[in-house]
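J.: Sequence below, structure please.
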Amino acid sequence: MNQARLPLTRTVRKLLPVALLGLVAACAETGGTTASAPTASAVGQDSTGDTVSVALRARGDGNQTVTLSAGLDYTCNGVLEDAPAASASELTNIVCTDGSTGTATLVYDATAQPSQFVFSRPGKSAGSIRF
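T.: Sure thing, here's the model as predicted:
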């Protein structure tokens, strides 16, 4: 029996990043150990209008892994090597599953908590997400 495939609606595509972020990150290897639960996460939109999510996870080596996900479109990973500091920021390179690369900056507030994540994938998309 031939079953018809239904296309993903825009609404479903917007909800997938949130659902898939935990799944993708839980499967990722970070610092030689399985990824931990997110220490911070947020959801926003990229420059193309796609819903994107970002999650920070502690690694066994003291660094943090950052995962940016746009559902089925792409997932990007990077490593933050500096300890969180009040009113500071850190830049990292990101590598994405669609073959693109880019940069991301995590900005910390006055209490050393993540406040904003800014990313750019030249020729693809960019965005700013508030925690």
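J.: Where does pLDDT dip in the protein?
T.: Low-confidence segments of the chain (pLDDT under 70): 1-35.
J.: So residue 88 sits against residue 106, correct?
T.: No. Judged on C-beta atoms under 8 Å, residue 88 makes no contact with residue 106 at a distance of 9.1 Å. For every residue, glycine as well, the C-beta is placed using N, CA and C.
J.: and these two? which has more neighbours close in?
T.: Just comparing residue 88 and residue 106: by other C-beta atoms under 10 Å the higher neighbour count belongs to residue 106, 25 against 13.
J.: Alpha carbons of the helix or strand hosting the more buried one, as CSV, please.
T.: Assigned by DSSP states H and E, residue 106 belongs to strand 101-108. The C-alpha coordinates for strand 101-108 follow below in CSV (Å, rounded to 0.1, in the frame of the first residue of the first chain):
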residue,chain,number,x,y,z
THR,A,101,30.5,27.6,9.6
GLY,A,102,30.3,30.8,11.5
THR,A,103,30.9,32.6,14.7
ALA,A,104,28.9,33.1,17.9
THR,A,105,29.2,35.4,20.8
LEU,A,106,27.8,34.8,24.3
VAL,A,107,27.2,37.9,26.3
TYR,A,108,27.0,37.7,30.1
